[in-house]
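> structure here, sequence nowhere to be found:
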């Protein structure tokens, strides 16, 4: 293979949000933390593009956009508490009317072939959230199967790194720790 990689060999894939899962887990402190109440949040609306060539996986790239107001609390809680948590998240934490999108764009990639169309991909990239952009490494297990890519993994961020305010809900009974843990299982389909 020549040192210059042909752009035409790269497959272009679009994320399929209908079959993909992308979630956030927050960790509680305060009164409700004793009851093990760590809020789970589903990211409902996101889109993205992946460039991937199985013969050169280290040249993969990703651009992902999340609609900030599409986050939804999935815990088994009362409708009133769910609405309060989501309103607080949108209005006070994420300030979605000012910052409507969350984006991640890769800036570099390394890859290890695991055989059988499976790869361990380490992305370096920039996460833009709440008006702040910071470097964020993300590692994913990726399976390439013809016209489909599937990537899964997890990463964490600190809310304070993105100048997200400390919030509390349920009359102060639920406060969140600084760390947020993201888990993803994302499917992308090849475009013609």
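Alright, I've got the coordinates. Source: prediction; values computed, not measured. Residues are numbered from 1 along each chain as shown.
> worst-scoring helix or strand of the protein, pLDDT-wise?
When the helices and strands of the chain are scored by mean pLDDT, DSSP states H and E, strand 168-169 comes last with a mean of 64.
> parallel or antiparallel, list what pairs with the helix or strand that that strand is followed by.
Sequence order places strand 174-190 as the next helix or strand after strand 168-169, per DSSP states H and E. Paired neighbours of strand 174-190 in the sheet (DSSP bridges): strand 11-15 (antiparallel), strand 21-29 (antiparallel), strand 148-158 (antiparallel), strand 168-169 (antiparallel).
> let's have the ones you listed in a markdown table, adding distance to residue 119 and mean neighbour count.
All C-beta spots, glycine's among them, are computed from the backbone N, C-alpha and C. Supplementary listing: those in a markdown table, determined by distance: least, C-beta to C-beta, whole Å; neighbours: other C-beta atoms under 10 Å:
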| stretch | distance to residue 119 | mean neighbour count |
| --- | --- | --- |
| strand 11-15 | 13 | 17 |
| strand 21-29 | 20 | 17 |
| strand 148-158 | 9 | 17 |
| strand 168-169 | 40 | 19 |
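> of those strands, give the one that comes closest to residue 51.
Set against residue 51 and scored by C-beta to C-beta, those come closest in strand 11-15, at 5.9 Å.
> looking only at pLDDT, what's the mean for stretch 78-92?
Computed over stretch 78-92, the mean pLDDT rounds to 87.
> in it, what's buried?
Residues 82, 84-86, 88-90 are the ones in stretch 78-92 that count as buried (16 or more other C-beta atoms under 10 Å).
> from residue 125, how far out is residue 66?
To residue 125, residue 66 is 14 Å away according to C-beta to C-beta, to the nearest Å.
> which strands and helices sit next to the host helix or strand of residue 80?
Here residue 80, judged by DSSP H and E, is contained in helix 79-88. Here helix 79-88 touches strand 71-73, strand 168-169, going by 3 or more C-beta pairs under 8 Å, 6 or more residues apart in numbering; DSSP states H and E.
> what lies in contact with the first one?
By that I understand strand 71-73. 24, 39-44, 82, 85-86, 89-90, 94 (C-beta atoms under 8 Å, 6 or more residues apart in numbering).
> if we use 6 Å, what do you get?
Contact partners of strand 71-73, identified using C-beta atoms under 6 Å, 6 or more residues apart in numbering, comprise 39, 41-44, 82, 85-86.
> ok, what's across the strand from residue 109?
residue 123.
> what sits against it?
Residue 109 neighbours (C-beta under 6 Å, 6+ apart): 58, 60, 123.
> switch to 8 Å and redo it
Taking C-beta under 8 Å, 6+ apart as the test, what residue 109 contacts is 57-61, 121-124.
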